[in-house]
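S.K.: structure, please.
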Amino acid sequence: MTRSRTTAMALAGAAAVLALASAPAQAAPGDVTTTCASTATPAGYVDVSWGNSPSCGTQNFSPNIKQIKQLTGLPIGTVVQACGSTYYPAGWVRTASYYSSSCVAFPNSGFNDNAWTLKRVS
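M.R.: Coordinates of the predicted model:
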């Protein structure tokens, strides 16, 4: 009984980590999801915010979580704000660059432009 309970708890813990670390399988256009910073931002998404959470471990006060937004499927003409920590998808153009405190992905990165205004053009 103890062995099966331990196995079940281990599997539940692994499933929880995978759920937080992976991108949503059926995200709708414009959906925002939180993931660990160590997870690569999937194609069709952009980073929109960085922060800290004990759910992704500690990293010496470095941001360890990020919110990502699904851009695939948004209509032409849509404008979004995104962090400059990932490339934006084809069909989108950068219309402005600026500094955003919510887009600080690395400690001591200064006040350089780290965010973009993006517009869907095709």
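S.K.: which residue packs closest to the residue nearest the centre of the chain, ignoring adjacent ones?
M.R.: In the chain, the residue lying closest to the centroid (CA atoms, centre = their mean) is Ile68, at 3.1 Å. Nearest residue to Ile68, sequence neighbours excluded (CB to CB, 6 or more residues apart in numbering): Tyr45, at 4.4 Å. Where you see a C-beta, it was placed from the backbone N, CA and C, and this is true even at glycine.
S.K.: any idea what that neighbour is bridged to?
M.R.: Gln70 (DSSP bridges).
S.K.: residue contacts, it?
M.R.: Applying CB atoms under 8 Å, 6 or more residues apart in numbering to Tyr45 gives the contacts Ala23, Ile68, Lys69, Gln70, Leu71, Thr72, Thr86.
S.K.: next: Val93.
M.R.: Leu118, Lys119, Val121.
S.K.: and if we set it to 6 Å?
M.R.: Residues in contact with Val93 (CB atoms under 6 Å, 6 or more residues apart in numbering) are Lys119, Val121.
S.K.: direction included, what does the strand or helix carrying Leu118 pair up with?
M.R.: Assigned by DSSP states H and E, Leu118 belongs to strand 115-120. Applying DSSP bridges, strand 115-120 is found paired with strand 79-83 (antiparallel), strand 92-98 (antiparallel).
S.K.: pairing partners for Leu118 in the sheet, please.
M.R.: Val80, Arg94.
S.K.: burial of it, as a residue count?
M.R.: Counted by other CB atoms under 10 Å, the residues lying close to Leu118 total 21.
S.K.: test my guess that it contacts Val79.
M.R.: No - taking contacts as CB atoms under 6 Å, Leu118 lies outside contact range of Val79: 7.0 Å.
S.K.: buried stuff in stretch 90-102?
M.R.: Residues of stretch 90-102 classed as buried by neighbour count (16 or more other CB atoms under 10 Å): Trp92, Ser100.
S.K.: in the chain, which spans are strands?
M.R.: Per DSSP state E, the chain carries strands over the ranges 32-36, 45-51, 65-70, 79-83, 92-98, 115-120.
S.K.: lovely, talk soon.
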